[in-house]
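S.K.: quick one, what's the 3D model for this:
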Amino acid sequence: MLTQKQLYLTKVFIQIFLRNKQYIIFSLILPMVILGIVAFNEGDEDPIDIGIVDKSNTILSQQFISRLSENNLFNIIIKNENSLKDDLISGKLKAGLVIPNGMTAKSRAADIKLLVDRSDIQFIQTIQPILNNSLLEIERELTKAEPLFILSLEDIKSRSLSYINFLLPGIMAFMLMNLSIAGSGFNVVEFRRRGILKRLFVTPIKPIDFVTSIVLARMAIVIAQLTIIFSFALFVLDVEVVGSLLTFYFMIMTGILMFLTLGFSIGSLAKSQESVGVLASIFIYPQLALSGVFFPVESLPEFIHPIAALLPLSILVESMRLVANEGLTFFELYSNFIGMVLWIMIGTFISTKLFIWKEVAG
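M.R.: Below is the predicted model:
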């Protein structure tokens, strides 16, 4: 049960944060700008050049190509296989389709290969769902039997969603980490430097009151800021969320607690504002590169995957992305939740063992 002292301190910490209007505006505008730029670029509807190799050369394959040509999203270019691969390698084409032998109305489902450069993540995120939907529409027009067309992606691991839907959970998780660490590690070191902590603890306020209050205040602040970004993405940019908002926000709250405890750990190790900045940078920026915020972790070298999977930001990004884009429930994400709880325990252990409450760093 929260005490009056804890509630009062929570209110004070929120008021202190609200005085820094420049920081509030900057922390909200930057994610909005990034998401807006991505959404604007995805709105470009110039036809996509696609090379097609028709190995089957049947009436049905010709009908398939004809229907695909009628789609304004694509500019179809008929190629032979060698020419198609040369154009893909040289960059003249960004995608190719290979129709296999034996495509007829009586044949079983055929694998149509999509050839792409797997390093072009944003393009793949855009074209794969479009092609899948187009193939389904063409199938409905040509036959009502078993599926004729199965799009198999060659040499690529990718989710079928637009890039902005992929990006949103990553941006929100990275913003959550920055705000949480700023609200624990940086603030606590500053309070210690100015002697505020020393003066606080000659009062009846106990360390648990201070920690509880700063956690509650920062959690309220971060949730409010993330909700603004989330609402902007949903209602202005038309981002789709498949999963439960309750599960999504539960993962956010667990993530806030995780990064607050890790922020306290950084504040425990740092004895000055300069050192906390260095430690925070060492903690934050490698995770930005390795945790799949802007691109799938699968696109990194394989030997990095086990390391990336253990990072706290990776666990949070994956959890939020699986809920938002694939609709997974809490029970399906129990291993991710356990991972975040372990990081909370690590952060709590370091904080309680090393934190200096009453001394002022020189």
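
S.K.: buried set for the longest helix seen in the chain?
M.R.: Assignment by DSSP state H gives helix 207-235 as the longest helix of the chain. Within helix 207-235, the residues that count as buried by 16 or more other CB atoms under 10 Å are 209-219, 221-223, 225-226, 229-230, 232-233. Placement of C-beta: from N, CA and C, glycine included.

S.K.: where in the stretch 251-362 of the chain is pLDDT low?
M.R.: For the stretch 251-362 of the chain, the stretches with pLDDT under 70 are 355-362.

S.K.: run the last query once more with 90
M.R.: Counting by pLDDT under 90, the stretch 251-362 of the chain shows low-confidence ranges at 261, 263-281, 285, 288-289, 292, 294-304, 325-327, 347-362.

S.K.: quick one: the strands in the stretch 101-250 of the chain, in order.
M.R.: Taking DSSP state E, counting those that start in this stretch to define them, one finds strands in the stretch 101-250 of the chain at 110-116, 149-153.

S.K.: just the mean pLDDT for the last one, thanks.
M.R.: The one in question is strand 149-153. Taken as a whole, strand 149-153 has an average pLDDT of 56.

S.K.: same question for the first one.
M.R.: Averaging the model's pLDDT scores along strand 110-116 yields 77.

S.K.: just use 483 as the starting number from now, easier for me
M.R.: Let's use 483 as the start, then, which means that last one is strand 592-598.

S.K.: same for it, what does it pack against?
M.R.: Packing contacts for strand 592-598, counted by 3 or more CB pairs under 8 Å, 6 or more residues apart in numbering; DSSP states H and E, involve helix 563-572, strand 577-581, helix 603-624, strand 631-635.

S.K.: center of the protein, which residue is that?
M.R.: The C-alpha lying nearest the average C-alpha coordinate of the chain belongs to G652 (CA atoms, centre = their mean; 2.1 Å).

S.K.: which residue, other than its chain neighbours, is closest to that one?
M.R.: V775 (3.7 Å; CB to CB, 6 or more residues apart in numbering).

S.K.: any idea how many residues pack against that neighbour?
M.R.: By the measure other CB atoms under 10 Å, the count of residues near V775 is 21.

S.K.: my guess is it contacts V799, does it?
M.R.: Yes - judged on CB atoms under 8 Å, V775 makes contact with V799 at a distance of 6.1 Å.
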